[in-house]
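1. got a sequence here, can you model it:
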Amino acid sequence: MEKFDENDINYQQVKRQVERLRGFYGHLFSYVAVNLLFAYFNYINLKPNESYFQVKNFFTAIFWGIGLLAHALFVFLPRFDFAKRWEEKKIKELMDKNK
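-> The predicted structure is shown next:
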């Protein structure tokens, strides 16, 4: 396996991107697993002649899905990475202040 210079800026950027991807995939796995469990428990607890397709059965999936979508935007679309740009700007500002 090839060794990389951990002080290389490109290496650090790629490493951060991989960490973001890993975080997103963990979030996605949790979302799918938990919502499948909710769907299963809601299904087995249905009363006779009750439909599964009610809004109350989808609140978690809907709101958590919105959060998952936001997470995906930050990971996969660089234009939505304003938090990273702000962080870098703030680091530069504080480093200049401490000189």
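
2. give me the pLDDT for residue 83.
-> At residue 83, the pLDDT value in this model is 72.

3. do the same with the one 5 residues further on
-> The score at residue 88 is 82. That number is its pLDDT.

4. and it, how far from residue 29?
-> Look at residue 88 and residue 29: by C-beta to C-beta, to the nearest Å, they are 30 Å apart. (Glycine included, C-beta is placed from N, CA and C.)

5. how about residue 99?
-> Distance of residue 99 to residue 29, given as C-beta to C-beta: 44 Å.

6. who's more crowded, those two?
-> Neighbour count, other C-beta atoms under 10 Å: between residue 99 and residue 29, residue 29 has more, with 10 against 4.

7. how about the helices in this protein?
-> For the chain, the helices defined by DSSP state H occupy 9-44, 59-76, 82-97.

8. pretty sure residue 57 contacts residue 39?
-> Yes - using C-beta atoms under 8 Å, residue 57 is in contact with residue 39, at 7.5 Å.

9. which residues do these two both contact?
-> Common contact partners of residue 57 and residue 39 (C-beta atoms under 8 Å, 6 or more residues apart in numbering): none.

10. which regions of the protein lie under the pLDDT threshold?
-> 1-2, 80-81 (pLDDT under 70).

11. in TSV: the helices of the chain, plus distance to residue 53.
-> Below are these laid out as TSV (distance: least, C-beta to C-beta, whole Å):
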stretch	distance to residue 53
helix 9-44	10
helix 59-76	12
helix 82-97	37
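
12. residue 16: neighbour count?
-> If you count neighbours by other C-beta under 10 Å, residue 16 ends up with 11.

13. I'd like the distance between it and residue 95.
-> The value you get for residue 16 to residue 95, if C-beta to C-beta is used, is 19 Å.

14. what do you get for residue 21?
-> 28 Å.

15. between these two, who's got more neighbours?
-> Ranked by neighbour count (other C-beta under 10 Å), residue 21 and residue 95 place residue 21 first, with 12 against 9.

16. spit out the contact partners of the more buried one.
-> residue 75.

17. thought residue 6 was touching residue 14?
-> No - taking contacts as C-beta under 8 Å, residue 6 lies outside contact range of residue 14: 11.4 Å.
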